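Asker: please work out how this folds:
(one chain, ligands or ions: 1)
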Amino acid sequence: MKRLINIFFNDNIKSLEAFIKTKELFEKRGFEVSETFKEEAELSICIGGDGAFLRGVHNSDFPKVPFVGINTGTLGFFQEISFDKIEKFIDDYIDGKYIVEKIRLLECTLKTNDIIFSNKCLNDFVIKSNSSEIIHLDVYIDDNHLETFAGDGLIISTPSGSTAYNMSAGGSIMYPTLRGFQLTPLAPIFSKVYRTISNSLVIPDTSTLKIVPLENQHKKISFVADGIEKDYTDVSYFEFKKSRFKLYKLVFNENWYWINMKDKFL
Ligand code: NAP
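Answerer: Next up is the predicted model:
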């Protein structure tokens with residue numbers, strides 16, 4: 001039976017070019033390529049930027065099949081392989097010259113008056129007001145009340161998501177394999193009326209973070225998972241904890257994280 005590779009690509013021309021090239025090279029080496037997710041594949045490749053990587057992971061529902069990214073996007077923080085290194089990537093892949101990094105994911109259970117459901121994220125969840133008004137949220141860690149937040153909203157980010165929205169909001173950068181997650185405020189109000197922690201808070205991944213909108217707040221709340229936004233009314237709570245699932249990602253250069261950081265941000 002032929003070895004199978006899933007390849008997903010976004011709708012830019014460079015990504016299509018990269019897809020054609022990668023598909024041809026894999027097929028020449030005896031592999032079969034699928035453009036839709038197949039569970040029996042040994043690898044999923046996402047071509048594009050970080051958005052394409054996030055969509056690839058979500059559309060495949062966080063599978064056990066490992067991922068790697070080819071960058072044709074604007075930033076491509078998740079994407080280790082550049083267009084001009086596609087041949088080398090395929091050689092190294094076939095020769096097994098890589099490690100598999102286990103990336104920690106977060107899970108959120110959202111309860112409203114009508115529904116309860118769980119969602120996973122690779123980067124982050126965001127809770128914010130869907131209007132220009134401030135949002136009031138009670139924050140509990142392991143059932144201990146910490147604060148009543150007032151401001152634009154809260155970001156709850158994974159270590160690998162720490163370089164995304166979290167970083168723009170002043171949060172810390174966390175190495176992707178660290179055990180913990182981060183609560184980062186968006187424009188917190190600190191005054192005689194409202195007292196909230198204005199720094200980001202790193203929480204151990206053994207803890208549960210519960211966020212409860214204030215009781216009088218029946219207005220719509222925006223809930224964003226890795227950039228996908230939906231509005232909910234009458235939210236009873238959001239509960240965040242580490243997911244039992246992990247994302248498996250191939251890493252070809254063990255120093256890549258730090259090289260990538262300097263390359264993409266400095
Ligand atoms: P987008 O709004 O089109 O792009 C957000 C930007 O963040 C893109 O430049 C993207 O890279 C980059 N990015 C995504 N994940 C990253 C990561 N883990 N580390 C470093 N940079 C990262 O949305 P998108 O591409 O669908 O990505 C969704 C993410 O956007 C969310 O999870 C959130 O973290 C982030 N976001 C950031 C801000 C902000 O910084 N002010 C605001 C809203 C959302 P590419 O160019 O390669 O796609």
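Asker: C-alpha only now, for contacts and for neighbours.
Answerer: OK.
Asker: quick one, what contacts the residue nearest to Thr177 when sequence neighbours are not counted?
Answerer: Of all residues not flanking Thr177 in the chain, Ile103 sits nearest, at 5.8 Å (CA to CA, 6 or more residues apart in numbering). Taking CA atoms under 8 Å, 6 or more residues apart in numbering as the definition of contact, the neighbours of Ile103 are Ser160, Pro176, Thr177, Lys246, Leu247, Tyr248, Lys249.
Asker: lowest-confidence entry in these?
Answerer: On pLDDT alone, Thr177 ranks lowest of the contacts of Ile103, at 86.
Asker: hmm, Asn119 is touching Thr109, no?
Answerer: Yes: using CA atoms under 8 Å, Asn119 is in contact with Thr109, at 6.5 Å.
Asker: quick check: residues of this protein near the ligand?
Answerer: Proximity of the chain to the ligand is confined to 49-51, 73-77, 123-124, 160-161, 163-165, 168, 226-227 under the rule CA under 6 Å from any ligand atom.
Asker: out of those, which sit inside strands?
Answerer: When DSSP state E defines the strands, the subset of the residues of the chain next to the ligand inside them is Asp124.
Asker: so of the residues of the chain next to the ligand, which ones are in helices?
Answerer: Secondary-structure check on the residues of the chain next to the ligand using DSSP state H: residues within helices are Asp50, Gly51, Tyr165, Ser168.
Asker: can I have the helix or strand hosting Glu107 written out in CSV, keeping just the CAs?
Answerer: Counting by DSSP states H and E, the element that carries Glu107 is strand 99-112. The C-alpha coordinates for strand 99-112 follow below in CSV (Å, rounded to 0.1, in the frame of the first residue of the first chain):
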residue,chain,number,x,y,z
ILE,A,99,11.7,15.2,16.0
VAL,A,100,8.0,15.2,16.9
GLU,A,101,7.0,18.0,19.2
LYS,A,102,4.0,17.5,21.4
ILE,A,103,2.1,20.8,21.5
ARG,A,104,-0.2,21.4,24.4
LEU,A,105,-3.8,22.4,23.7
LEU,A,106,-6.5,24.1,25.8
GLU,A,107,-10.1,23.2,26.1
CYS,A,108,-13.0,25.4,27.0
THR,A,109,-16.5,24.3,28.1
LEU,A,110,-19.0,27.0,27.5
LYS,A,111,-22.4,26.9,29.3
THR,A,112,-25.4,29.2,28.4
